[in-house]
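> predicted coordinates and the sequence they were generated for:
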Amino acid sequence: MKVSIIGTTGYGGGELFRLLHHHPVFSIHSVHTTRDETPLYIEFPHLYGITDLKLEHIDVEEIAKHSDIVFIAAPSGVSSKLVPAFLDTGIQIVDLSGDLRLTDGEVYRKWYKHEPAKSSLLKKAVYGLSEWNKEKIMDAKLIANPGCYPTATLLGLAPVVKEGLIDPDMIIIDAKSGASGAGRSVSKSLLFSEINENFRIYKVNEHQHIPEIQQQLNKWDAGVSPITFNTHLLPITRGIMATIYVKLSENMNTARIIELYNEQYLRNPFVRIRQNGNFPSVKEVSGSNYCDIGLHVDERTGRLTIVSVIDNLMKGAAGQAVQNANLMNGLDEKTGLEYIPMYP
Ligand SMILES: NC(=O)C1=CN([C@@H]2O[C@H](COP(=O)(O)OP(=O)(O)OC[C@H]3O[C@@H](n4cnc5c(N)ncnc54)[C@H](OP(=O)(O)O)[C@@H]3O)[C@@H](O)[C@H]2O)C=CC1
Ligand SMILES: CC(=O)N[C@@H](CCC(=O)OP(=O)(O)O)C(=O)O
């Protein structure tokens, strides 16, 4: 099957290229840009000698004529305009932006501060949280790939929320990301001297991923109250750690909670539940599509601590996008994704 990438010169697009270049079933037909049509290795010198593919301008009809799937890794505000033209052609679409994830356009307008996609378009998009929406993804033509923070957070919370085991009024998520989460465009707050040997909180109580997390939690349990979710910038390139605090509504110990998570993720090869009070670090998933989860019940407070880590560019973006494209096409979800994390 042939695939095309839009937004190839960004971090998400570059990671899509790395995965799709080695994929045994998908082959990259074309890569696209809104700027100069140069060889891709000029933009990404690490691809010198690996590919001669030239960046091309975006021509929806040409892409759809030659490719079966288009991956869109552009900033928010682009896909809401670009996707309708692709939908008319019948090509499969996996969109990595936030444009199609929220079912209510007005919520998108409030948090993203962009014009939302039409509600008829939003209705066609399937939320691509691979582990929990598999059947719908398998039938989908248009995937709204989840945000990086929501992926780590929702995979961490799903078992206890779906089973109604926690106090729905008190969910606190303390999340941290490496700098590649902010993309490749230039910004003062992302300069080496601003990030290195530093650690800061940002978008306090205003992060655009709050409504995405809330929307999915409320699909699982309508009684979940507004969550507290905050984000911090780590002086590393890749990786997200979401540390989540919830109050258990019944008496359960760590061993029982781990057993529950083992059961719920049994047939999900990319979610690894740490056993015996072991906790993951971000490096232990770097470069891979794994989400690793550590769990501990504090019997003193009755609170459960959930630690969920992913590589933001992999399970948080390109990896999950390829996992979804595999599912859409009846392939084993692991196809082309069995990378061992890069350690150290
Ligand atoms: N970085 C991450 O960890 C994650 C990112 N995402 C989402 O994925 C998307 C891509 O993110 P990321 O790769 O980090 O961002 P980058 O800023 O690194 O790259 C975005 C790319 O989009 C292209 N682009 C810009 N404007 C347009 C346009 N009008 N039409 C088409 N393409 C355009 C640019 O390429 P060119 O200039 O060559 O056209 C640019 O290289 C974003 O929506 C982001 O929010 C989601 C999960 C995680
Ligand atoms: C470190 C960092 O800045 N991360 C970005 C992640 C953005 C993102 O992935 O944007 P979507 O809304 O399209 O999912 C942020 O916190 O805004």
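Looks like it arrived, so ask away. Numbering: from 1, shown residues only. Ligands and ions are numbered 1, 2, ... in the order given.
> what segments of the stretch 151-300 of the chain are helices?
Along the stretch 151-300 of the chain, counting by DSSP state H, counting those that start in this stretch, helices occupy 192-195, 210-220, 254-264.
> the longest strand anywhere in the chain: partners in the sheet, and parallel or antiparallel?
Ranked by residue count and defined by DSSP state E, the top strand of the chain is strand 166-177. If you go by DSSP bridges, strand 166-177 pairs up with strand 228-233 (parallel), strand 240-248 (antiparallel).
> which residue packs closest to the residue in the chain that ligand 1 sits nearest to, ignoring adjacent ones?
Nearest residue of the chain to ligand 1 (CB to the nearest ligand atom) works out as Gly10 at 1.8 Å. In short, each C-beta sits where N, CA and C put it, glycine included. In space, Gly10 comes closest to Arg184 once its chain neighbours are excluded; the distance is 5.0 Å by CB to CB, 6 or more residues apart in numbering.
> relative to Leu40, how far out is that neighbour?
Distance of Arg184 to Leu40, given as CB to CB, to the nearest Å: 14 Å.
> Glu15 too?
13 Å.
> what does Gly7 give?
Gly7 is 12 Å from Leu40, by CB to CB.
> just to revisit the earlier point, got a markdown table for the strands paired with strand 166-177, with mean pLDDT too?
Listed next are the strands paired with strand 166-177 as a markdown table, based on pLDDT from 0 to 100:
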| stretch | mean pLDDT |
| --- | --- |
| strand 228-233 | 98 |
| strand 240-248 | 99 |
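> please identify the most buried of those.
strand 240-248 (a mean of 21; mean count of other CB atoms under 10 Å).
> ok now that one, how far from the chain's centre?
18 Å (CA atoms, centre = their mean, to the nearest Å).
> residues touching that strand, excluding its own?
For strand 240-248, contacts defined as CB atoms under 8 Å, 6 or more residues apart in numbering pick out 148-149, 152-153, 156-157, 160, 165-167, 170-178, 181, 234, 281-282, 297, 301-312, 316.
> and Pro84, that's in a strand?
No - read with DSSP: H, G, I helix; E, B strand; the rest coil, Pro84 is helix and lies in no strand.
> wait, it touches Leu121, no?
Yes - using CB atoms under 8 Å, Pro84 makes contact with Leu121 at a distance of 6.0 Å.
> the more surrounded of those two?
Leu121 (19 against 15; other CB atoms under 10 Å).
> what helix or strand is the more buried one on?
Element membership for Leu121, per DSSP states H and E: helix 119-124.
> list the buried residues in that helix.
Neighbour counts over helix 119-124 (16 or more other CB atoms under 10 Å) mark 121-122, 124 as buried.
> could you name the helices and strands sitting against it?
helix 79-89 (3 or more CB pairs under 8 Å, 6 or more residues apart in numbering; DSSP states H and E).
> what about 6 Å?
Packing contacts for helix 119-124, counted by 3 or more CB pairs under 6 Å, 6 or more residues apart in numbering; DSSP states H and E, involve no helix or strand.
> send the alpha carbons of that helix over as PDB?
Provided in PDB are the C-alpha atoms of helix 119-124 (Å, rounded to 0.1, in the frame of the first residue of the first chain):
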ATOM      1  CA  SER A 119     -19.600  19.500  12.900                       C
ATOM      2  CA  SER A 120     -20.400  17.200   9.900                       C
ATOM      3  CA  LEU A 121     -16.600  16.600   9.600                       C
ATOM      4  CA  LEU A 122     -16.100  16.100  13.300                       C
ATOM      5  CA  LYS A 123     -18.800  13.400  13.200                       C
ATOM      6  CA  LYS A 124     -16.800  11.400  10.600                       C
END
